[in-house]
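K.L.:
Have a look at this fold, sequence not included:
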């Protein structure tokens, strides 16, 4: 009787078959790819949202600058690139007395120093 039990245990399959393992790996890889895609979509949406908020802040600061200095064409601050414009809006702007502007004086800073612009390689600057 004991010999029969020992023999039946030796013949019984132990572990998983190759098909079971392959199915498990396939299911896990499908779930992983779906979760990675949804994560990347959320990450891109959040970056886009941050960029839009930064653009709104810069737009508001330009409007405030124009209304307080009456410098409608932004000629008093150098702005050949977007990052240069942002860095100048983060500093005090001094408009001298001898310019065409009717409001000489010191203005700003209009923008927090934690905002920075890193233009894409295709960006050629403000025109």
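P.N.:
Cool, the structure landed. Worth saying up front: this structure is predicted, and the values here are computed from it rather than measured.

K.L.:
helix or strand right after the helix or strand bottoming out on mean pLDDT in the chain?
P.N.:
Least confident helix or strand, the chain: helix 2-11 with a mean of 56, by mean pLDDT, DSSP states H and E. Counting by DSSP states H and E, the next helix or strand C-terminal to helix 2-11 is helix 18-69.

K.L.:
Check which helices and strands that following helix is in contact with.
P.N.:
helix 82-89, strand 93-95, strand 105-107 (3 or more Cβ pairs under 8 Å, 6 or more residues apart in numbering; DSSP states H and E). No exception for glycine: its C-beta is placed from N, CA and C like everyone else's.

K.L.:
right, so the ones you listed: which one is the most enclosed?
P.N.:
Highest mean neighbour count among the helices and strands packed on helix 18-69 (mean count of other Cβ atoms under 10 Å): helix 82-89, with a mean of 18.

K.L.:
Rounded mean pLDDT for it, please.
P.N.:
If you average the pLDDT over helix 82-89, you get 75.

K.L.:
Which elements pack onto that helix?
P.N.:
Judged by 3+ Cβ pairs under 8 Å, 6+ apart, helix 82-89 is in contact with helix 18-69.

K.L.:
Next, the angle helix 82-89 makes with the helix it packs on.
P.N.:
Angle of helix 18-69 versus helix 82-89, following axes from the mean of the first three to the mean of the last three Cα atoms, to 10 degrees, is 50 degrees.

K.L.:
Report the residue spans of the chain with pLDDT below the cut-off.
P.N.:
Within the chain, the stretches with pLDDT under 70 are 1-13, 78-80, 96-104, 108, 111-127.

K.L.:
one more time with 90
P.N.:
Along the chain, segments meeting pLDDT under 90 span 1-16, 47-127.

K.L.:
what about the spatially closest residue to residue 24 that is not a sequence neighbour, distance to residue 40?
P.N.:
In this structure, residue 24 finds its nearest non-sequential neighbour in residue 16, 7.9 Å apart by Cβ to Cβ, 6 or more residues apart in numbering. When distance is defined by Cβ to Cβ, to the nearest Å, residue 16 is 32 Å away from residue 40.

K.L.:
No further questions, thank you.
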